[in-house]
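*Asks:* Dropping the sequence and predicted coords here.
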Amino acid sequence: MDALPMDESVRAGFCSQLMLYFDNLAAAFITFVRDASRPGIDEKECGTRSKLFSLSECRKFLDLTNERFVQCCSGES
């Protein structure tokens, strides 16, 4: 934020774009988890116990290498 000009509209635009980024990231995270945690044909239960779900794989696909991004994404979702 310190590198931005002091103009209020520029700073507000930056903040709204950042929030839009996190909203889209959270929606992608929710979609990924729903799709990956769907039970297989031979599985009776669903959720994170599914063989298809892997949090490390989810982080890699969504480029959530930074722990702070993971926290923001899970907080927004």
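*Replies:* In hand now; what should we look at? Everything quoted here is computed from the prediction, not taken from an experiment. Numbering: from 1, shown residues only.
*Asks:* Could you list which residues are in contact with the closest residue to residue 14 other than its chain neighbours?
*Replies:* Spatial nearest neighbour of residue 14, chain neighbours left out: residue 4 (6.0 Å); criterion: C-beta to C-beta, 6 or more residues apart in numbering. For glycine as for every other residue, the C-beta is placed from the backbone atoms N, C-alpha and C. Contact partners of residue 4, counting by C-beta atoms under 8 Å, 6 or more residues apart in numbering, are 10-11, 14.
*Asks:* Residue 65: what secondary structure?
*Replies:* When classified by DSSP: H, G, I helix; E, B strand; the rest coil, residue 65 comes out as coil.
*Asks:* Pretty sure it sits against residue 59.
*Replies:* Yes - between residue 65 and residue 59 there is a contact at 7.0 Å, judged by C-beta atoms under 8 Å.
*Asks:* thinking again about what came up before, turn the contacts of residue 4 into CSV, columns for neighbour count, secondary structure and pLDDT.
*Replies:* Shown next, in CSV, are these (neighbours: other C-beta atoms under 10 Å; DSSP: H, G, I helix; E, B strand; the rest coil; pLDDT from 0 to 100):
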residue, neighbour count, secondary structure, pLDDT
10, 11, helix, 84
11, 13, helix, 87
14, 13, helix, 86
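*Asks:* Thanks a lot, catch you later.
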